[in-house]
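K.L.:
here's my sequence, what's the structure:
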Amino acid sequence: MLWFFLIYAFLGWCLEVAYQAVEHGVFINRGFLGGPYCPIYGAGVIVVTLALYPLRETIIPLYVGSVVLTSSLELVTGIILEKIFHQHWWDYSDDKFNVKGYICLKFSLLWGVACLVTVRIIHPTIENLVGLIPRTAGVVVLTVIYICFTSDLLITIMGIMHIKQRLRVLRRISDEMRKISDKAGEKLFVGVDAIHDKSEGINEKTLQLRKRAEELLSKYKELMSQKTPVGRRLEHAFPKLKIAPPKALKAPFEAIRAKLPKKNEK
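P.N.:
This is a model prediction of the structure:
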């Protein structure tokens, strides 16, 4: 199983890279990890082969089972990743017959075809090839590869923890910005004349609100510029993944600017 996981994870990575090259015309290292492997493919094929290999001689049950299993795996993985990042890593919302953008009928049917070919043709061939690998040499090669894989996984996890910490800070900034926006709106509602009457000067609390808003926006920009290599790689690999709360600060800050007078308004 260790060989199968690595082989299918690598083949899945190749498939993703080829698809992105055709779709976008550029090379994209389409993987959760930095190396040339997509663990979801390795895990997915193992699950399919273990569960459905007994059905390999019956095409229709094998195909239906493949569609159900791969779609379920993609759905669960998408939900888990969104719980962690509060964002879709992939989004099928523009495709017909999708389930909240996690899965869609078109790709579910394609996964079924891919698994059908894998179980009936590819997997028996790979089994024979793996059987030819000398045991001692195989253990050495697997040990080296899994050490690299584990290191890659740990680096990615540490990078993700940094991203999660930054997201928490960004959400706190967003919440405070919205509170400032609400306070500014209240001031505008109860004292429009006082706020906009230049002869009255700028209310001290109003000045404090604007100053705090500017500080928060500056902090936001600073955080967004401090991207780790892992964060940059993930954003490049998954263009629809946004490592920040969507529209977290733009709307409330624009609202504040509209509600509060400028500093030179005296």
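
K.L.:
what are the ranges of the strands in the stretch 51-200 of the chain?
P.N.:
For the stretch 51-200 of the chain, the strands defined by DSSP state E, counting those that start in this stretch occupy 98-99, 103-104.

K.L.:
which helices and strands does the last one pack with?
P.N.:
For strand 103-104, the elements it packs on are helix 59-85, judged by 3 or more C-beta pairs under 8 Å, 6 or more residues apart in numbering; DSSP states H and E. Where C-beta positions appear, they are placed from N, C-alpha and C, glycine not excepted.

K.L.:
in the stretch 101-250 of the chain, where is pLDDT below threshold?
P.N.:
Flagging of the stretch 101-250 of the chain using pLDDT under 70 yields the residue ranges 167, 170, 174, 177-178, 180-210, 213, 216-217, 219-228, 238-250.

K.L.:
do you know how far the residue nearest to residue 108 when sequence neighbours are not counted is from residue 41?
P.N.:
Counting by C-beta to C-beta, 6 or more residues apart in numbering, residue 108 lies nearest to residue 71, which is 4.4 Å off, once chain neighbours are set aside. Separation of residue 71 from residue 41 (C-beta to C-beta, to the nearest Å) stands at 14 Å.

K.L.:
same check, this time on residue 159
P.N.:
21 Å.

K.L.:
the two - which one has more neighbours?
P.N.:
Counting neighbours by other C-beta atoms under 10 Å for residue 159 and for residue 41 shows that residue 41 has the greater number, 25 against 19.

K.L.:
what helix or strand is the nearest residue to that one once chain neighbours are set aside on?
P.N.:
Spatially, and ignoring its direct neighbours in sequence, residue 41 is nearest to residue 12 (2.4 Å; C-beta to C-beta, 6+ apart). Here residue 12, judged by DSSP states H and E, is contained in helix 2-24.
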